[in-house]
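S.K.: Okay, here's the prediction I keep looking at, along with the sequence it came from:
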Amino acid sequence: MKLIAGLGNPGPEYAFSRHNIGWLVLDHLVERCSCGASRLQFSSMAWTLFRDGKKLLLLKPLTYMNLSGTALRQATEYYDIPWDQVLVVFDDVALPFAKLRMRKKGSAGGHNGMASVLGAAKTLEVPRLRVGVGAKPGGGNLAPWVLGAFSRDERERLPALLDEAVAAVETWCLSGIDRAMNEINGLE
């Protein structure tokens, strides 16, 4: 069994913010795979999906970004899912908008949601798909930037980005992390 978690914040004010790109990717995957209605489980919206003989648990934690690890720990403990079989999808301001990066392991890179996940996992070896949302123009406090809405240009490019991100998740699910990294990280 594998777990795919899209990080974000609940509430309509965050629905289409940069910080919720993980949720948007998961929504796109759920729609593409016709998963139907979610259930409330593990402090998350949850779906179960079978793909090529593999059971996948899809989660959108409702714990707010900074406590995402709590929901993922509940699910991994309940189903005894090893952390290297968990893929976390989240926003990254260090990447240009629409750039994807897949990694096997690493630090949180300053992302509070990923820091919570790594704290819950007690290991840095948690696969992740970082989705570029771009740096805040002029620098400074990142909160208004990541919690803000996408620009008009970004909204126009969002469908293609979501398609690419879902394809990356599917490659990870079906072909493994190494192949996914080669395909995703090699794109320029």
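M.R.: Received the coordinates, thanks.
S.K.: what comes up buried for stretch 156-168?
M.R.: 158, 161-162, 164-168 (16 or more other C-beta atoms under 10 Å). Where C-beta positions appear, they are placed from N, C-alpha and C, glycine not excepted.
S.K.: likewise stretch 9-16?
M.R.: For stretch 9-16, a neighbour-count test (16+ other C-beta under 10 Å) marks 9-10, 14, 16 as buried.
S.K.: Equivalent analysis for stretch 100-109, please.
M.R.: For stretch 100-109, by 16+ other C-beta under 10 Å, it's 100-103, 108.
S.K.: Can you name the element that comes right after the host helix or strand of Trp145?
M.R.: Here Trp145 is covered by helix 143-146, with elements defined by DSSP states H and E. Toward the C-terminal end, the helix or strand that comes next after helix 143-146 (DSSP H and E) is helix 152-175.
S.K.: ok, back up a step: I'd like the buried residues of stretch 100-109 laid out as TSV, including pLDDT.
M.R.: Output for the buried residues of stretch 100-109, formatted as TSV (pLDDT from 0 to 100):
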residue	pLDDT
Leu100	97
Arg101	97
Met102	97
Arg103	97
Ala108	95
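S.K.: picking that back up, could the buried residues of stretch 156-168 go into TSV alongside pLDDT and distance to Ala143?
M.R.: TSV is the format used below for the buried residues of stretch 156-168 (pLDDT from 0 to 100; distance: C-beta to C-beta, whole Å):
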residue	pLDDT	distance to Ala143
Leu158	97	21
Leu161	97	22
Leu162	98	24
Glu164	97	27
Ala165	98	23
Val166	97	28
Ala167	96	30
Ala168	97	27
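S.K.: where are the low-confidence patches of this structure?
M.R.: Low-confidence segments of the chain (pLDDT under 70): 187-188.
S.K.: swap the cut-off to 90 and go again
M.R.: 51-54, 136-142, 186-188 (pLDDT under 90).
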